[in-house]
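Undergrad: Sharing a model that was predicted from the sequence below.
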Amino acid sequence: MRKVHVPSSPLDEYSVVYFGNDWRAENRTSSHHVARRLAARLPLLYVDCPGLRAPAPTARDLSRLVRKFAEMVRGPRLLGPRMYHCTLPQIPFRRLPLARAVNQRLARFLLPRWIRRLGWRRLISWFVVPHPGFLAGQLGEDYVVYYCTDNYSALPGVDRALVADMDEQLTRCADQIFAVSHYLLEKKRPINPSTVYAPHGVDFELFSKASDPATQPPANYEHLPHPVVGYFGVIYERLDIELLLRLARQRPLWTFLLVGRVAPEAARLRNFPNVVLPGPQPYESLPRWASLFDVAILPYVLDEQVVSANPLKLREYLATGKPVVSVPTPAVEPFAPHVRVAAHAEAFLTAIEEALNEDTPEQARARQAAVAHLSWEARVAECLAVVEQGLARKLAARR
């Protein structure tokens, strides 16, 4: 039989230099999920970038600085098939102009050499954070992508003016922008018309295990008193700590299972015997923790950053099939039939009670069906199709 020649995609000639947040962070973010799916298609160098906030004088931050310095000296290492990892310079005191200048000069010196070491020639740069944006267009790449997941200047503890300036500069110079929320879409499209909406995906296969009777809860937590009101993620200033304290105080017979790193500002939660804080857990184990939940909650502070965000855990909660109670944010609106929304503390408590008393197996299946088709693989494939078209147009215009 005669073989039919199938033309390869122009993308097959490219490698991706991917600028994301800490690869070893306690919680998995869209930065990690997108990178892994991209690496399934193209060779990828995951570049750890310094955090937007200056490091604090804590054992945790100091140990991270030591680790990142060792990673910077080592250069790229293989993470898996076609996926490498390296770390940009992490000299502290980045708010000082001299420190920023030294970090940038080191990055411009080291990164091109690491790329040459890998033998890559045709490049796409892909930014998930704005602060390494000074490298956009400086690596000999043919195409620049900005995959914007947050209103970065509204994050707690950052230099708002400096971060906003970095974000705008990257927005202007990128060939393609993906915005994960409608807020970010409307903010960036007037600056760069290439901006398109690209909401998060979800690892449905993983999180749907929470509703499987065969899934075993973590050892030593099987006998928590029910009902269990659950949350997974970092427990920090973006959560309404006062709301959580009030709920724990008003319902002492409920268990509040909050899975994740506890920041100092949330330490008061440890004073309540019905608040269980097991600390950060491996991402793959989260369905086992969620199997204990009777209700999952999104108790955010309604500030500018939260309103502009599209929380990944909303889709993960829905994939578990568990009832979800959330504060009112734009990200919840597409899933309104499947999420109970509460604007203040009393309404939040009432919504949890309604979820405990009125939920049905049919509603659980409907929640899962609402996100079953929103896989990360599908999301990344959609983004790559947009990049492929844009890259073809840009290369054609050069001829």
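TA: Okay, I see it. Numbering: from 1, shown residues only.

Undergrad: At which residues are the strands of the protein located?
TA: Assigned by DSSP state E, the strands in the chain fall at 15-20, 44-48, 77-80, 83-87, 123-127, 143-148, 176-179, 196-197, 228-232, 255-259, 275-276, 295-298, 324-326, 340-341.

Undergrad: just so I know, which of those strands lies nearest residue 356?
TA: strand 295-298 (6.3 Å; C-beta to C-beta). In this view, the C-beta of every residue, glycine as well, is placed from N, C-alpha and C.

Undergrad: returning to that earlier point: and residue 102, which of the strands of the chain is closest to it?
TA: For the strands of the chain, the distance to residue 102 is smallest for strand 83-87, at 15.4 Å, taking C-beta to C-beta.

Undergrad: what angle sits between that closest one and strand 44-48?
TA: 20 degrees (axes from the mean of the first three to the mean of the last three C-alpha atoms, to 10 degrees).

Undergrad: In CSV, list the C-alpha atoms belonging to strand 83-87.
TA: Extracted in CSV, the C-alpha atoms of strand 83-87 (Å, rounded to 0.1, in the frame of the first residue of the first chain):
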residue,chain,number,x,y,z
MET,A,83,11.5,18.6,29.5
TYR,A,84,14.4,20.4,31.2
HIS,A,85,14.6,22.7,34.2
CYS,A,86,16.8,25.6,35.2
THR,A,87,16.7,28.6,37.6
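
Undergrad: what helices or strands is that strand leaning on?
TA: Packing partners of strand 83-87 (3 or more C-beta pairs under 8 Å, 6 or more residues apart in numbering; DSSP states H and E): helix 30-39, strand 44-48, helix 59-74, strand 77-80, helix 97-118.

Undergrad: need the least confident one among those, by mean pLDDT.
TA: Note on the helices and strands packed on strand 83-87: lowest mean pLDDT is at helix 59-74, with a mean of 56.

Undergrad: how's the chain carved up into domains?
TA: Structural domains annotated on the chain: 10-200+375-398, 204-371, as defined by automatic domain parsing.

Undergrad: Just send those back as TSV, with mean neighbour count too.
TA: Output for those, formatted as TSV (neighbours: other C-beta atoms under 10 Å):
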stretch	mean neighbour count
domain 10-200+375-398	17
domain 204-371	18
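
Undergrad: Any idea which of those has the lowest pLDDT on average?
TA: Among those, domain 10-200+375-398 scores lowest, with a mean of 87.

Undergrad: Between its first and last residues, how far does that one reach?
TA: One end of domain 10-200+375-398 sits 15 Å from the other (C-alpha to C-alpha, to the nearest Å).

Undergrad: on that earlier part again, out of the helices and strands packed on strand 83-87, which comes closest to residue 309?
TA: Using C-beta to C-beta, the nearest of the helices and strands packed on strand 83-87 to residue 309 is helix 30-39, at 10.7 Å.

Undergrad: Break down the stretch 101-250 of the chain into its helices, ranges please.
TA: All helices of the stretch 101-250 of the chain, identified by DSSP state H, counting those that start in this stretch, fall at 160-173, 182-188, 204-207, 241-250.

Undergrad: okay, those in JSON lines with distance to residue 31 next?
TA: As requested, these are exported to JSON lines (distance: least, C-beta to C-beta, whole Å):
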{"stretch": "helix 160-173", "distance to residue 31": "15"}
{"stretch": "helix 182-188", "distance to residue 31": "15"}
{"stretch": "helix 204-207", "distance to residue 31": "17"}
{"stretch": "helix 241-250", "distance to residue 31": "26"}
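
Undergrad: just so I know, which of these lies nearest residue 338?
TA: Going by C-beta to C-beta, the one of those nearest residue 338 is helix 204-207, 14.2 Å.

Undergrad: Can I get that closest one as PDB, trimmed to CA atoms?
TA: Provided in PDB are the C-alpha atoms of helix 204-207 (Å, rounded to 0.1, in the frame of the first residue of the first chain):
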ATOM      1  CA  PHE A 204     -10.600  15.500  35.700                       C
ATOM      2  CA  GLU A 205      -9.300  11.900  35.800                       C
ATOM      3  CA  LEU A 206      -7.300  12.600  39.000                       C
ATOM      4  CA  PHE A 207      -9.900  14.600  40.900                       C
END
